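1. here is my input, please return the structure:
(2 chains)
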There are 2 protein chains.
Amino acid sequence: MSDAGVERDFSPAEHAELALLLEVAGTPKPGNVDRTHDFDDLRFEHFLAGSVGSRRGLQLAEDGAPVGEAFERGVEGMSQQRGGNTQFGCLLLLVPLVKAAAADELSPSGVTDVVESTTVDDAANFYRAFEHVDVAVGDPPQDADELDVRRGSEAIPTLDARGLTFYDVMELSAERDGNAREWTGGFRRTFAAAESILADEGSILDRTARAFLDLLAGEPDTLVATQHGTEVAAEVSRLAGDAQGDPEEVEKLADALVSEGINPGTTADITAAALFVALERGVAV
Amino acid sequence: MSDAGVERDFSPAEHAELALLLEVAGTPKPGNVDRTHDFDDLRFEHFLAGSVGSRRGLQLAEDGAPVGEAFERGVEGMSQQRGGNTQFGCLLLLVPLVKAAAADELSPSGVTDVVESTTVDDAANFYRAFEHVDVAVGDPPQDADELDVRRGSEAIPTLDARGLTFYDVMELSAERDGNAREWTGGFRRTFAAAESILADEGSILDRTARAFLDLLAGEPDTLVATQHGTEVAAEVSRLAGDAQGDPEEVEKLADALVSEGINPGTTADITAAALFVALERGVAV
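-> The predicted structure follows:
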């Protein structure tokens, strides 16, 4: 591609942190904190600090640490700010992608190998990560109360007893969580959105905003579904599709969703993951 | 102070990168790229990438590397984006401050010890840093053509012959460069602005914008003086003083300076340095 090259000098961990920053800066991303939108208690500066703190875990992933350990360290660093959960879901996607990229295997099959190789220890560190920050989650799957992530490390004996890996835990959530679905489906939407970003034109922040809107219009956001129900999630996607290509309508939708507290956060997570892949593949900043 | 604590877990290098990000996000900062202002070819995303790339050098400084080496690596990392010079001056201030903080000596005398201990090798790396990026500089001091920073590493034999350290080079520029003046004057404005940020109220980004305006109103910006003359620099400071406390006037000044291409960049550098000191001293994000 014509604008490849200048970013080549960044390592996977650097690209991943930059992806977090570009994701939050891209505007308008309806319903999310971005360069021109804040929620009352969750603001732009919290995402900046969350990005900086996340680097610890991203660097561990680049250095080959286990996925669970790198993720837990990333979440711990991300949480050193007062906004609460800023990039938990982003890190869930970025950590295995960084690990794949560091091994020169950044592809659907390469990252699938990474996530399928996770262990019970990795699952334990995933549960430990929930102790650093409050994460909006739905109820656990039927008959899986003992695996409720809100139990944090108290769930570890159950993981051990059942021999559940990090990948197994994601499989249990794949139906109702878009990030888990990326894990178990070859990061399908991540890689597709990365190609859209690479093929798009204009500044990286404009491409980011368009990629977010495409993703939101394409499939209902699972965080919105968890917090407001599947009908609201479907309606938000429909509205995003209607607004596409009309900056004024997109801006209106952004203001409306922020004021209603509707936050398509999973779509933002996948946008960050797609930005990482696009940066690794040479999109220039 | 009441909001101390939550940031304590960040290392000096992490705080320094966060300071770069908060500096560029704080708005309005008249004449500078910020959360709501871009120049045509120098945009917000370039500063995000510059911040991420700078961390390499900041980490070296935290790990105790010589000031010149850490600075040169920081500038090299910062330059991995297409906007050109984003944070050269910020790094000039942050690198010795990080080194002092890592040694638990973050004070005017502590950082003065750091800069006074620099060597001829450090000076050589300062000159090498100019090869990574175009930096707006004035003409060299009288009778000092051989030390023109635009010579890059070609000036190194002269540095060697005269036994000039990094500190000596800064002394030669202190009269006309506000950053050099920080080096040779105990980082006076940096520490004063940090105390203002700590004593201020509201979000860290609002404090950032107010600190910038205070600094700009307080003394003419030396980058503006270099690029547009001392009269323009004095006028910009007068206008900043007049606008203080009136958000609408500050916004008008911001738009006017951006459209005229007047960039008080040295004031932004000192703002970033002050943010770093404030973060180290416990201001919360």
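2. so whichever residue of the stretch 151-285 of chain A sits closest to chain B: helix, strand or coil?
-> Distance from chain B to each residue of the stretch 151-285 of chain A (CB to the nearest CB) is smallest for A:Val285, at 4.5 Å. C-beta coordinates here come from the backbone N, C-alpha and C atoms, glycine included. The local conformation at A:Val285, judged by DSSP: H, G, I helix; E, B strand; the rest coil, is coil.
3. do you know the pLDDT at it?
-> Listed pLDDT for A:Val285 reads 96.
4. quick one: contacts for it?
-> Neighbouring residues of A:Val285 by CB atoms under 8 Å, 6 or more residues apart in numbering or on different chains: A:Val6, A:Glu7, A:Leu18, A:Leu22, A:Ile204, A:Leu279, B:Glu45, B:His46, B:Leu48, B:Ala49, B:Gln81, B:Arg82.
5. from these, pick the one nearest B:Pro220.
-> Checking these against B:Pro220 by CB to CB gives B:His46 as the nearest, at 25.9 Å.
6. which residue, neighbours along the chain excluded, lies closest to that closest one?
-> Once flanking residues are discounted, B:His46 sits nearest to B:Gly83: 2.7 Å by CB to CB, 6 or more residues apart in numbering or on different chains.
7. so which of the contacts of A:Val285 are in helices?
-> A:Leu18, A:Leu22, A:Ile204, A:Leu279, B:Glu45, B:His46, B:Leu48, B:Ala49 (DSSP state H).
8. right, and the pair among these with maximum separation?
-> The widest separation within the ones in helices among the contacts of A:Val285 (CB to CB) is 14.1 Å, between A:Leu279 and B:His46.
9. which parts of the lowest-mean-pLDDT helix or strand in chain A are buried?
-> Here the helix or strand of chain A ranked lowest by mean pLDDT, DSSP states H and E is helix A:247-260, holding a mean of 93. Neighbour counts over helix A:247-260 (16 or more other CB atoms under 10 Å in any protein chain shown) mark A:Val250, A:Glu251, A:Leu253, A:Ala254, A:Leu257, A:Val258 as buried.
10. identify the residue nearest the second one in space, chain neighbours excluded?
-> Just to be clear, that refers to A:Glu251. The shortest distance from A:Glu251 to any non-neighbouring residue, by CB to CB, 6+ apart, is to A:Pro28 (5.4 Å).
11. surely the one you found touches A:Lys252?
-> No: A:Pro28 lies out of contact with A:Lys252 (CB atoms under 8 Å); the separation is 9.3 Å.
12. can you list the residues of chain A near chain B?
-> A:6-7, A:9-10, A:14, A:17-18, A:21-22, A:25, A:35-36, A:43-46, A:48-49, A:51-53, A:55, A:77, A:80-82, A:203-205, A:284-285 (CB under 8 Å from any CB of the partner chain).
13. what's the ChimeraX syntax to select whichever of the residues you listed are buried?
-> Filtering the residues of chain A next to chain B down to the buried ones (16+ other CB under 10 Å) takes a single ChimeraX command:
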select /A:6,7,10,14,17,18,21,22,25,35,36,43,44,45,46,48,49,51,52,53,55,77,80,81,82,203,204,205,284,285
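14. if we can go back for a sec, dump the contacts of A:Val285 into a markdown table; add pLDDT and distance to B:Asp269 as well.
-> Listed next are the contacts of A:Val285 as a markdown table, based on pLDDT from 0 to 100; distance: CB to CB, whole Å:
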| residue | pLDDT | distance to B:Asp269 |
| --- | --- | --- |
| A:Val6 | 40 | 24 |
| A:Glu7 | 41 | 25 |
| A:Leu18 | 98 | 22 |
| A:Leu22 | 98 | 24 |
| A:Ile204 | 98 | 25 |
| A:Leu279 | 98 | 27 |
| B:Glu45 | 98 | 20 |
| B:His46 | 98 | 16 |
| B:Leu48 | 98 | 17 |
| B:Ala49 | 98 | 18 |
| B:Gln81 | 96 | 18 |
| B:Arg82 | 95 | 21 |
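15. run a quick neighbour tally on A:Leu279.
-> Neighbour count of A:Leu279, defined by other CB atoms under 10 Å in any protein chain shown: 27.
16. what about the nearest residue to it once chain neighbours are set aside, how many residues close to it?
-> Sequence neighbours aside, A:His15 is the residue nearest to A:Leu279 in space, at 4.3 Å (criterion: CB to CB, 6+ apart). Using other CB under 10 Å, A:His15 has 27 neighbouring residues.
17. next one: A:Ala199
-> As a measure of burial, A:Ala199 has 11 neighbours, counting by other CB under 10 Å.
18. please apply the same query to A:Asp134.
-> Look at A:Asp134: counted by other CB under 10 Å, it has 11 neighbours.
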